[in-house]
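A.B. asks: sharing a model prediction with you, sequence too.
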Amino acid sequence: MNTNSKIYVAGHNGMVGSAIVRKLQAEGFNNLVTRSSSELDLRDPQAVATFFEEVKPEFVFLAAAKVGGIQANNVYRAEFLYDNLMIQNNVIHQSYVHGVTKLLFLGSSCIYPKMAEQPMREEALLSGHLEQTNEPYAIAKITGIKMVENYARQYGCNFTSLMPTNLYGPNDNYDLENSHVLPALLRKFHEAKINGTDEVEIWGTGSPLREFLHVDDLAEACFFVMQNYNHHQFLNVGSGQEISIRDLALLIKDVVGYTGNLVFNTSKPDGTPRKLMASDRLNALGWQPKIGLEKGIKQVYADVRMSFETSYS
């Protein structure tokens with residue numbers, strides 16, 4: 001991949017895709033191809049086939065997906081399964097049909113069994129039962145991994161996958177019904193501070209442990225893998241650090257400057273009790289995360305706090 005290569009970033013408006021675009025542009029890659037969902041419905045096989053025939057991208061970052069937090073995953077189960085299967089099936093297959101030089105598929109840490117041994121290694125895939133709240137999304141992502149692997153095995157495609165841990169950063173989703181835990185807490189604490197609310201509700205017991213990675217670190221990993229790794233074996237990518245939801249809430253409370261109380265709603269699901277990725281394979285190749293959690297949250301809050309009043313009021 002060089003600066004003149006034609007590179008298609010699927011999902012460029014999302015948090016991950018936009019971070020990849022920023023990274024590529026920062027490295028001098030300007031022959032980038034993007035399409036919004038209104039311009040190209042990746043669930044439509046004929047539309048995707050026509051796009052690849054006309055554009056003929058050389059490299060593909062597949063970051064497009066239907067994503068959300070526990071609530072969205074649990075409520076829109078059929079949509080999460082169908083939409084993600086169709087998106088990845090169409091893009092991966094057409095990348096093969098049209099001779100894409102290399103494709104990178106982005107998955108999720110939810111592919112691993114609910115009770116997987118920690119930290120979760122790549123070998124844990126398909127070794128146990130999935131967390132029920134996000135099983136449809138996980139099954140779709142597992143299918144994507146296996147599609148990449150088997151297109152590489154049967155057709156010799158240079159396709160590979162990365163499985164990131166929980167992400168946060170610019171262009172995140174702050175809708176309280178559909179967002180992940182970190183952006184949801186940022187918005188909750190900010191609004192409670194502005195409104196003078198005495199307490200903030202936290203879903204679950206606060207005991208689950210989670211690992212978080214700034215999306216700019218993931219973009220660095222994607223760029224690194226696209227340049228340096230040519231094998232169908234997927235790789236984990238994480239920070240290597242974990243924190244309880246309770247301690248995450250306390251950290252965000254401090255960053256925002258909220259002084260009220262926390263109330264844990266134990267009627268809401270906790271999800272998987274612990275999710276820590278083993279990223280040593282990727283680390284051994286030469287990639288390491290750079291942005292610590294507290295620093296990253298402070299950067300994100302500085303960027304979004306003014307928009308909460310205008311976009312989410």
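C.D. replies: Yep, it's here.

A.B. asks: pLDDT below threshold where in the stretch 1-150 of the chain?
C.D. replies: Within the stretch 1-150 of the chain, the ranges that satisfy pLDDT under 70 run 70.

A.B. asks: which residue ranges form the helices in it?
C.D. replies: 15-26, 45-55, 70-75, 77-97, 135-155 (DSSP state H, counting those that start in this stretch).

A.B. asks: residue 184: which of these is closest?
C.D. replies: Among these, helix 70-75 comes nearest to residue 184, with 9.3 Å by C-beta to C-beta. Glycine gets a C-beta too; all of them are placed from N, C-alpha and C.

A.B. asks: buried residues in that closest one, which are they?
C.D. replies: Neighbour counts over helix 70-75 (16 or more other C-beta atoms under 10 Å) mark 70, 71, 72, 73, 74 as buried.

A.B. asks: mind listing the strands for the stretch 151-300 of the chain?
C.D. replies: 159-164, 166-168, 199-203, 209-214, 235-237, 242-244, 261-265, 274-275 (DSSP state E, counting those that start in this stretch).

A.B. asks: worst average pLDDT in those strands?
C.D. replies: Of all those, the minimum mean pLDDT falls on strand 274-275 (a mean of 86).

A.B. asks: what's in contact with that one?
C.D. replies: 109, 110, 112, 118, 120, 165, 166, 208, 209, 210, 211, 242 (C-beta atoms under 8 Å, 6 or more residues apart in numbering).

A.B. asks: which residues touch the first one?
C.D. replies: Residue 109 makes contact with 120, 163, 164, 165, 166, 211, 236, 238, 275, 277 under the criterion C-beta under 8 Å, 6+ apart.

A.B. asks: how near is the fourth one to residue 267?
C.D. replies: What it means is residue 165. 27 Å (C-beta to C-beta, to the nearest Å).

A.B. asks: who's in contact with residue 163?
C.D. replies: Neighbours of residue 163 in contact, by C-beta under 8 Å, 6+ apart: 107, 108, 109, 111, 122, 141, 145, 234, 235, 236, 237, 277.

A.B. asks: now it: how far from residue 76?
C.D. replies: Taken as C-beta to C-beta, the span from residue 163 to residue 76 is 22 Å.

A.B. asks: ok, now residue 241?
C.D. replies: From residue 241 to residue 76 the distance is 31 Å (C-beta to C-beta).

A.B. asks: these two: which has the busier surroundings?
C.D. replies: The residue with more neighbours, out of residue 241 and residue 76 and counting by other C-beta atoms under 10 Å, is residue 76; that gives 17 against 13.

A.B. asks: just give the nearest non-adjacent residue to the more buried one, would you?
C.D. replies: Nearest-residue entry for residue 76: residue 68, 7.2 Å, with adjacent residues in sequence omitted and distances by C-beta to C-beta, 6 or more residues apart in numbering.
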